[in-house]
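Colleague: mind looking at a prediction? Sequence and model below.
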Amino acid sequence: MTAQKLCLTLRPRSDRSQTETELLADICLKRINTLAVNVPPNLKFIIDDAEDLWIYDQKFDFIHSRMMAGSIADFPKLITSAYENLAPGGWLEFQDYGLPVKSADGTHIGTSVEQWGELLCEAGRRLGRPLGDDVSANYKRWMEEAGFVDVEELHFMWPTNSWPKDPLMKEIGRWNVVNVVDGLEGFSLALLTRALGWRKEEVDVLVAKTTAGLRDKRIHGYFPIPVVYGRKPF
Ligand SMILES: C[S@@+](CC[C@H](N)C(=O)[O-])C[C@H]1O[C@@H](n2cnc3c(N)ncnc32)[C@H](O)[C@@H]1O
């Protein structure tokens, strides 16, 4: 399958302008063109609004969602849409991030890193698009309530930086700190200004403090990374 033959549809969301929708479609197409080089023949990319009605001409065997916390207003509704569009015996999987950041030894408590996570969660609540633990801690229950069976929840961790002794965890932390610090202003600005009424300058200060906290190896923080999957009964 070549990228040119991909079927693309994007239904505009009511709170998005036509220009924004076209821009998003363009960005998605460019990303798919990059990704589509090595896709297997039974996989195709469709750009669609997951919060809208799911109208497809086939049932799916596997539906996967990664890092969608903060994007979706009503996860139980999304899970019901997935259930209805799975073939009997088909699987649904969520991978997401927890927030606020945690630690086993309490070194995160009272830090800017903890405060930043709490503020983002509060902003998500006020905007009606929950994120962090408000979403990821509920996937298992929501899936069971929707009728999924054999629901399993696995817990992974992304350390806030290279503080762990374990070589694999150290490596993950090294990647994670670059990723989070790089995106920190982008993750925070809209949420804090639009939902909590902060000024840009106030966000800048929090971002600077949080960056320092994320790089601080005395804070043994980690992002909980849950993976939850379950099966639609036959
Ligand atoms: C944090 S990104 C995760 C992207 C990707 N799943 C990953 O793990 O790399 C969230 C994505 O959700 C998309 N998104 C937001 N609202 C959506 C919706 N209602 N339907 C489909 N996608 C949506 C955004 O455009 C963005 O690409």
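Modeller: Ah, there it is.

Colleague: which parts of the protein are helices?
Modeller: All helices of the chain, identified by DSSP state H, fall at 18-35, 75-84, 112-127, 133-136, 139-146, 167-190, 196, 200-215.

Colleague: need those in JSON lines with distance to the ligand, mean pLDDT and mean neighbour count, can you?
Modeller: C-beta: built from backbone N, CA, C; applies to glycine. Compiled in JSON lines, the helices of the chain are given as follows (distance: least, C-beta to the nearest ligand atom, whole Å; pLDDT from 0 to 100; neighbours: other C-beta atoms under 10 Å):
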{"stretch": "helix 18-35", "distance to the ligand": "6", "mean pLDDT": "68", "mean neighbour count": "12"}
{"stretch": "helix 75-84", "distance to the ligand": "9", "mean pLDDT": "98", "mean neighbour count": "18"}
{"stretch": "helix 112-127", "distance to the ligand": "13", "mean pLDDT": "98", "mean neighbour count": "20"}
{"stretch": "helix 133-136", "distance to the ligand": "12", "mean pLDDT": "98", "mean neighbour count": "22"}
{"stretch": "helix 139-146", "distance to the ligand": "15", "mean pLDDT": "98", "mean neighbour count": "18"}
{"stretch": "helix 167-190", "distance to the ligand": "9", "mean pLDDT": "98", "mean neighbour count": "15"}
{"stretch": "helix 196", "distance to the ligand": "20", "mean pLDDT": "98", "mean neighbour count": "15"}
{"stretch": "helix 200-215", "distance to the ligand": "18", "mean pLDDT": "98", "mean neighbour count": "16"}
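
Colleague: could you list every residue that touches the residue most central in space within the chain?
Modeller: Centroid-nearest residue in the chain: residue 67, 1.7 Å away (criterion: C-alpha atoms, centre = their mean). Residues touching residue 67, when contacts are defined by C-beta atoms under 8 Å, 6 or more residues apart in numbering, comprise 95, 96, 97.

Colleague: could you redo the last one with a cut-off of 10 Å?
Modeller: Taking C-beta atoms under 10 Å, 6 or more residues apart in numbering as the criterion, residue 67 is in contact with 94, 95, 96, 97, 131, 136, 225.

Colleague: and if you look at residue 60?
Modeller: Applying C-beta under 10 Å, 6+ apart, we find residue 60 in contact with 54, 82, 85, 86, 87, 90, 91, 92, 232.
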